[in-house]
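Student: my questions are about this predicted structure, shown below with the sequence.
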Amino acid sequence: MPVGVFDSGVGGLTVYRELIRALPDTDFIYLGDTARVPYGARSKEIIIQYALELARYLTENYHTDQLVAACNTISSCALEAIEREFNVPTFGVIAPGAESAVELTKNNRIGVIGTLATISSGAYKQAVARLSGATAVFQAACPLLAALVEEGILEGEIPQLAIKMYLEPLIDKGIDTLILGCTHYPLLAPLIREIYPHLSVTDSTKKLIPRIDAKVENGRRIIMVTDAGGGSTESLKTRLVGGIPLKKAALS
Ligand code: DGL
């Protein structure tokens, strides 16, 4: 039975890509809610409702026996609701991202960037506090960054200025480690590392992979989206996972 990976759109393919690379024999199915992306500025109630619909679609139609909320916004607002409703192991990206950052920081000062919903939930702060009471977390919501990635603007003056605008206040706080708390940001990681070479930049994937119960299956890869229209969906998908075709999912 496949692992169901879901996200507000195709950004979560940054997580899917790492999962399928690391676990080539395990079946994985991805569902991105491209019809309703972005989730990051929506209310917690709506994010929970949408996330439950995605998880229900995967468990009912594909009998997924593990779920991965690849989306930071879903993980920070809806993980408990998903766990309550579906009787399968469910993994979010917040705890693994926090674990990775706590391991990396040398001065116990971590920065987190993400959507408005992720940052205002305080989920990363709580996850870091559970692991290390001595570590301070400084956060910034960066709504422009996901939009730049959607447009494929990953290099040059415009993303540089946006990154500096959002990160400078965190740098001023003396952070030595940065959690990329949004699925889109790994695509900006090379630029962030170029601007701030002293920072340890991390995300959830390294610590997420060992949590999955890896199985020897057929290595089946399916990518479903709720709306395949719009150029950025196809081009982001191609950039991240190449030729795996997009299929249409009709949520009821
Ligand atoms: N996938 C979302 C996340 O990781 C970013 C895009 C959105 O706002 O829906 O938070």
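Tutor: Yep, that arrived.

Student: what does the chain put close to the ligand?
Tutor: For the chain, the residues in contact with the ligand (C-beta under 6 Å from any ligand atom) are 7-9, 11-12, 37-40, 71-73, 114-115, 118, 146, 182-184. C-beta coordinates here come from the backbone N, C-alpha and C atoms, glycine included.

Student: pull the residues that contact the helix or strand hosting residue 145.
Tutor: In the assignment (DSSP states H and E), residue 145 maps to helix 143-150. For helix 143-150, contacts defined as C-beta atoms under 8 Å, 6 or more residues apart in numbering pick out 11, 38, 40-41, 113, 115-116, 154, 158-159, 162-163, 166, 182, 184-185, 187-188, 232, 236.

Student: helix, strand or coil for the residue of the stretch 101-250 of the chain found nearest the ligand?
Tutor: As assessed by C-beta to the nearest ligand atom, the ligand sits closest to residue 183 within the stretch 101-250 of the chain, at 3.7 Å. Secondary structure assignment for residue 183 (DSSP: H, G, I helix; E, B strand; the rest coil): coil.

Student: show me the contacts for the closest residue to it other than its chain neighbours.
Tutor: Spatial nearest neighbour of residue 183, chain neighbours left out: residue 11 (3.5 Å); criterion: C-beta to C-beta, 6 or more residues apart in numbering. Applying C-beta under 8 Å, 6+ apart to residue 11 gives the contacts 32, 37, 71, 146, 149, 182, 183, 184, 236.

Student: let me have these in CSV, extended by neighbour count.
Tutor: Formatted as CSV, those follow (neighbours: other C-beta atoms under 10 Å):
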residue, neighbour count
32, 32
37, 25
71, 35
146, 24
149, 23
182, 30
183, 32
184, 26
236, 24
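
Student: any idea which of those is closest to residue 52?
Tutor: residue 71 (13.3 Å; C-beta to C-beta).

Student: show me where pLDDT drops low in the stretch 151-252 of the chain?
Tutor: Applying pLDDT under 70 to the stretch 151-252 of the chain flags no residue at all.

Student: can you show me the helices along it?
Tutor: Assigned by DSSP state H, counting those that start in this stretch, the stretch 151-252 of the chain shows helices spanning 157-172, 189-195, 205-208, 231-241.

Student: could you find the closest non-adjacent residue to the closest residue to the ligand within the stretch 1-150 of the chain?
Tutor: Nearest residue of the stretch 1-150 of the chain to the ligand (C-beta to the nearest ligand atom) works out as residue 40 at 2.7 Å. In space, not counting the residues next to it along the chain, residue 40 is nearest to residue 115; the distance is 2.7 Å by C-beta to C-beta, 6+ apart.

Student: that's all I had, so thanks and see you.
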